[in-house]
Structures are given as C-alpha cells and as structure tokens.
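model the following, please.
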Amino acid sequence: MASIAIVENELNLISIYSYVVKELGFKPVFVAREGEEILKAVSDGRTSPDVIIMDYRLPGMNGIETAKRIVERRPSTKVIVASADDSIRDESISLGFSFLQKPFSLETFAKRIRRVVSQLPDSRSSTVAVRSLPRRKRSPQRT
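The predicted structure is shown next:
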C-alpha cells in the first residue's frame, strides 16, 4: 500500500488531511510542520513516503524547494503541492508535481490523492484503497 506524508504548518489542516488519508484506507507515515523536518527525515531514512502532501507556505524553506530536494533524493516520490497561491501552479506542474489550489473540498482532495497514488508503480498502486469518503447526513431543515 502507498505511504503518504503530510507537510503542513496549520494544525487544523493536518487534522483534516489525516482524516481524509485515513478514510481512503491509507495511514499518514509522517507528519511535519516544516520543510526542513521532512527533508531531514527522508535524508536520514526515517521515512520514505510514496506521496507527500506539501503546503507551499511553510516556515523556513517553502514547499516547492523542499519537494525538489526530496525528489532529487527519491525520484519516485509523488508530490501534491497545496496552496492558495495560484502563482506557483505552473512551476509546480512543470516540476512534475500535482497542484491543488486551496481552498478545496474534501472530495476534490480525495480524488487528487487517488489519482496521484494511481500513478505509482504497480507494486504500490495495485492495493489502492477504493473507499469513498463517508457522506455527511444532512440535518432536517427547520422552518
């Protein structure tokens, strides 16, 4: 099964991303709040994620620079850059990263994770979870 790391400095987004990853049948293998943290963990072998969900605006090194350095060490790693800053879309895509503009729906996020995981070599993507996010029940309208 594919391994997924989350790099995001906002605690509430880490919780949301972790929830979606778990609901899709994956387990976040590493969570970092700074680019240097994930870079060091990959460099020293503490983690080897197949996919990294990477915020762009991070303390210290930004997400694109961090992702470039990780992919230099592990070319098979797939990266989803998540940012409200649309000006980095073209650079992200030209580097081979997937770009996801914030804000996005949980369903859009889940679809992107599934798509990126499906691009992994067969040995890891053949066990891709096909679970869907649970639908929230709507409260009855009060009049």
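
give me the number of residues near residue 101?
Residues contacting residue 101 under the criterion other C-beta atoms under 10 Å number 14. Any C-beta I mention is one placed from the backbone N, CA and C, and that applies to glycine too.

could I get the phi/psi values of it?
phi -80, psi 130 (degrees, to the nearest 10).

mind checking how far it is from residue 22?
23 Å (C-beta to C-beta, to the nearest Å).

kindly report the same for residue 82.
Taken as C-beta to C-beta, the span from residue 82 to residue 22 is 17 Å.

looking at these two, which has the bigger crowd around it?
residue 82 (25 against 14).

so what's the more buried one bridging to?
Beta-bridge pairing of residue 82 under DSSP bridges involves residue 55, residue 100.

spit out the contact partners of it.
Residues counted as contacts of residue 82 (C-beta atoms under 8 Å, 6 or more residues apart in numbering) are 8, 53, 54, 55, 56, 100, 101, 102, 104.

the fifth one: neighbouring residues, count only.
Counted with other C-beta under 10 Å, the neighbours of residue 56 add up to 22.

ditto for the third one
Other residues lying near residue 54 total 28 when counted by other C-beta under 10 Å.

isn't residue 81 right up against residue 92?
Yes. Assessed by C-beta atoms under 8 Å, residue 81 is found in contact with residue 92 at 4.4 Å.

the two: who's more crowded?
With neighbours defined as other C-beta under 10 Å, residue 81 and residue 92 compare such that residue 81 has more, 27 against 22.

any idea how far the more buried one lies from residue 71?
Residue 81 is 12 Å from residue 71, by C-beta to C-beta.

next, the spatially most central residue of the chain: phi, psi?
Centrality entry for the chain: nearest residue to the mean C-alpha point is residue 53, 1.8 Å, by C-alpha atoms, centre = their mean. In terms of degrees, to the nearest 10, the main-chain angles of residue 53 are phi -90, psi 110.

and residue 29, by the same measure?
According to degrees, to the nearest 10, residue 29 has phi -80, psi -20.

that one: what's it in contact with?
Applying C-beta under 8 Å, 6+ apart, the residues contacting residue 29 are 3, 4, 5, 47, 49.

go through stretch 107-124 and flag the buried ones.
Using 16 or more other C-beta atoms under 10 Å as the test for burial, stretch 107-124 gives 109, 110, 112, 113, 114, 116, 117, 120.
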